[in-house]
Structures are given as structure tokens and as C-alpha cells.
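J.: Next come a sequence and a model predicted from it.
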Amino acid sequence: MKRSLRNNIRNIYLLGFFNSLMVINPVFVPLLQGHDLSMNQVLQTQALFALTIALFEVPSGYIADIWGRRRAILLGSVFFASGFLYLLGADSFVDFLVFEVLIGLAVSLISGADLALLYDTEVYLQEEGAEGGGTAGKSLSRLISVEAAASGIAGIMASVLLLWSLDAVVVAQTVIGMVPLLLALTLVEVPRPVLEVNHRGNARSILELLLFGKPVVLWTAFAIAAFGLLAVYVFWIYQKYWEFQGVPIEWNGYIWAAFALTVSVSANFASALEQRLGTQRVLCLIGVLPVLGLLGMALGAGWIGVMFGFALQVSRGLSMSLFYEALNRRVPGTFRATVNSLVSLAVRAVFIGTGPLLGFALDRFGVTSTLLILLAIFTPVMAVVLVPLIARIRRESESEEPQVVPAA
């Protein structure tokens, strides 16, 4: 059992790698525009993707807590493979909508369950004193780093495949999409207390945990949602922005790779940076970098503007690693997948209504104005989230410090 669980860690990393090896992402906007879709229609497909996740994210996380993480990941991998098989013949707006539904189902089932299974595995191995069990928090950072590295490799692969055609990118993505299904079959469920099938009682316990448990949990969830939403917006602006700055499409993959690898390195060193600078200073850095990045992209010309995008990627890597580790460390294992899914749901739910608006803004007002609008919205949002979070972390630390009893 312990040997299988040690293999779990490696296989979850591989699963995260191949789920993130999305060679179509760096060229997805040009791909859809090549099928006569406008930016508004492109963002409508993403709104449907977000809606699919919003409808199934929490139920899928709850299923993973009750039914088992492995089964949820396995079913999600089936949808993942089916989606890319369907993409091979996609040609119309409706076809791409169907594709997004299939991938949305896959992501909703896998997201949260993989993090929970990895965390459960590390904790179990630590408790059993087995060799090969690492620190659960570092494992989450490592998974985020692996996924970002995969995204970077995907960017390079996309640029190479473009030497042939966009169709070659789609075919390669279909082949890659089969691998997670094979990896999911190798996973092993961790022995743990299973939730009773008492849906009302479980829902009440989860809400009490988020709303009335440790205050840091709620504000960390807010922070993940706020910074995650900004990351999704910028994700869909980048390709249009590079086109606006006159960057040839052949360079998209290489820039994408550099951005993704920046996230990977930032996530990998987030814990060390927190230990050196302290939690409060790192959180301030996480908040300042997106402001600098958005402003620099909006005002910078050509490659100078492109370079400011790295500030957003550094913040992304640091925030994902530190926020998710802080959240999972404070959440009981019985509800871990559900809580992770709830946090993802918050991002998707907001994007459902605002994603098409982002596409409309890009079509109507242009890239520069859209970036300035995001800057005006997210600067106060990040402050509203981070200031209370820093205060509550300080309060929690003070309450956990051992009390020194003076000698009589």
C-alpha cells in the first residue's frame, strides 16, 4: 500500500503535467478566428466553459469527497480525452461550444480532486512514517510548478508545430489528451474517513468552516478568487495583446513558454521567499506586481509592453503556491476537495457574466483601454482582499505564540 501511495505522488505530478500540456492554448485565439469567430464569440465559448464548471465544480468536489478522489479523476480524464477527440472535427461556433462543455466537465471533476489526493497522500505517508513522504505544502507548490512548466513546454511545442500548420497543433493535442486517462488508472485511493451521505449536514459543516471557522480560511479563499479571476482575464488578453504589439504568431508559443516557466519558478521558490521576507511582505509583493504589470502593458510599446507581462506571471506563481497551501493546511481532509472546488467555482461564476464583456471591450475599445479598465477595477479589489488577510494572519500568529509564564 505504502509503495503504491508513493507512486501516487509521482503519478499525480505526471497527471498535472499532461493535463497542463495544452499545446492549443498559445494559439487558441488564432485557431478560433481562423474558423471565423470574433473575439466576442471566443469569449462566449469560454463563458460556457466557465458555466459548465460552475454547475459541476462543487458537485464534483463533493463527489470526490464521498465517492473517492481516484474515481472523480478517472471520470474527468474520460471527458478530457473525449473533448480533444471531438476537437479534431470541430469547425463551427457550435462545435467549439460542445468542445468547451466536454473539457469543462473534465476540469470540474479533476480540479480539487487532484490537489486533495496529493495532499492526502503526503499527510498519510507522514503519519505512517513511510520513506518518500514529503511536506504536503511543498508538494502543492511542486504540483503548481510542474503544471506551469508543462504549459511552458506546450508553448515551445506549439511554435514548432506551427511550422506545419494549426491542424498539426490540434492533432498533437488530441494525442496528449489520451495520456491523463492512462495515468488516472494507476492512482490509488488514500485510506481516510469518508463523508457520510448526509448532504444537508455536510453542506452546513462546510459553510460553517468557511464562514465561522478560522478567519484566515475565508479571506484566503477570497484572495484565490480575486487573483485567479485576474489571471483568467489576462490569459485571454495576452494573444490579442501580442497581435496588437505586432508580435508574429510564430513567437506566441515562445512567449507563452517564458511566461509559464516564470510561474513555475515563482511557485517553486514561493515558500523560500516567504521564509526570507516574511508572509506580510510577500503578500504585498503579490499585490503590487499585477498593478505594475497591467500599467506597463497598457503604456508600453512593442516588446517593452510584452516584458511587463512577466510581473503578472511572478505574482501568479507566488499567489497560487502560498494561497493554496494556506487554504489546504487549514481545511480538514474530509472536505478538502469540496472547498478547493468552491474556490474555483467563485472564479468561474464571475467569469460567466464578465467573460463576454471582456471580449466586447476588446472588440469595441481596444487592448490598451481594456487593460486600463482592469487596472482600475482590480487595484482596489486586491487591496480590499489583502489588507484584511494580512491582519488576520498576524492575529492568528499572535494567538498561536506560546505564552511565557513569568517566574515566581
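T.: The structure has been received and is ready for your questions.
J.: C-alpha only now, for contacts and for neighbours.
T.: Fine.
J.: how about Leu357, what does it touch?
T.: Contacts for Leu357 were tallied using Cα atoms under 8 Å, 6 or more residues apart in numbering; they are Asn40.
J.: how near is it to Gly366?
T.: Per Cα to Cα, to the nearest Å, Leu357 is found 13 Å from Gly366.
J.: Over to Val94?
T.: 26 Å.
J.: For these two, work out which one has more neighbours and name it.
T.: A direct count of neighbours by other Cα atoms under 10 Å for Val94 and Gly366 places Gly366 higher, at 15 against 11.
J.: And the nearest residue to Val171 once chain neighbours are set aside, how far from Leu21?
T.: Closest residue to Val171 apart from its sequence neighbours, by Cα to Cα, 6 or more residues apart in numbering: Leu88 at 6.8 Å. Distance, Leu88 to Leu21, by Cα to Cα: 17 Å.
J.: ok, these two, which is more surrounded?
T.: Neighbour count, other Cα under 10 Å: between Leu88 and Leu21, Leu21 has more, with 23 against 14.
J.: what does stretch 231-240 rub up against?
T.: Residues from elsewhere that reach stretch 231-240, judged by Cα under 8 Å, 6+ apart: Pro26, Val27, Val29, Asn252, Leu312, Arg316, Gly355, Leu358, Val367.
J.: mind listing what the first one touches?
T.: Counting by Cα under 8 Å, 6+ apart, Pro26 makes contact with Gly155, Ala158, Gln239, Asn252, Gly253, Trp256.
J.: What is the longest helix seen in the chain packed up against?
T.: If you go by DSSP state H, the chain has its longest helix at helix 367-400. Judged by 3 or more Cα pairs under 8 Å, 6 or more residues apart in numbering; DSSP states H and E, helix 367-400 is in contact with helix 215-244, helix 279-299, helix 336-365.
J.: mind checking which of those is nearest Leu48?
T.: Between Leu48 and these, the tightest spacing by Cα to Cα is seen for helix 336-365, at 6.9 Å.
J.: could you give the mean pLDDT of the closest one?
T.: The average pLDDT within helix 336-365 is 75.
J.: from the middle of its chain, how far away would it be?
T.: 12 Å (Cα atoms, centre = their mean, to the nearest Å).
J.: Quick one: work out the angle between it and helix 367-400.
T.: Following axes from the mean of the first three to the mean of the last three Cα atoms, to 10 degrees, one obtains 150 degrees for the angle between helix 336-365 and helix 367-400.
J.: can you state the direction angle for helix 336-365 and helix 215-244?
T.: Calculated by the same axes, to 10 degrees, helix 336-365 forms an angle of 30 degrees with helix 215-244.
J.: burial measure for Ser38, as a count.
T.: 17.
J.: Ok, the one 4 residues further on next?
T.: Applying other Cα under 10 Å, we find 23 other residues in the vicinity of Val42.
J.: again, but for Ile373
T.: Neighbour tally, Ile373, other Cα under 10 Å: 15.
J.: Next up, the contacts around the nearest residue to Tyr241 once chain neighbours are set aside.
T.: Nearest residue to Tyr241 in three dimensions, chain neighbours excluded: Val367, at 6.2 Å (Cα to Cα, 6+ apart). By Cα under 8 Å, 6+ apart, Val367 lies in contact with Ile237, Lys240, Tyr241, Phe244, Ala298.
J.: which of the residues in stretch 303-320 are buried?
T.: Within stretch 303-320, the residues that count as buried by 16 or more other Cα atoms under 10 Å are 305-320.
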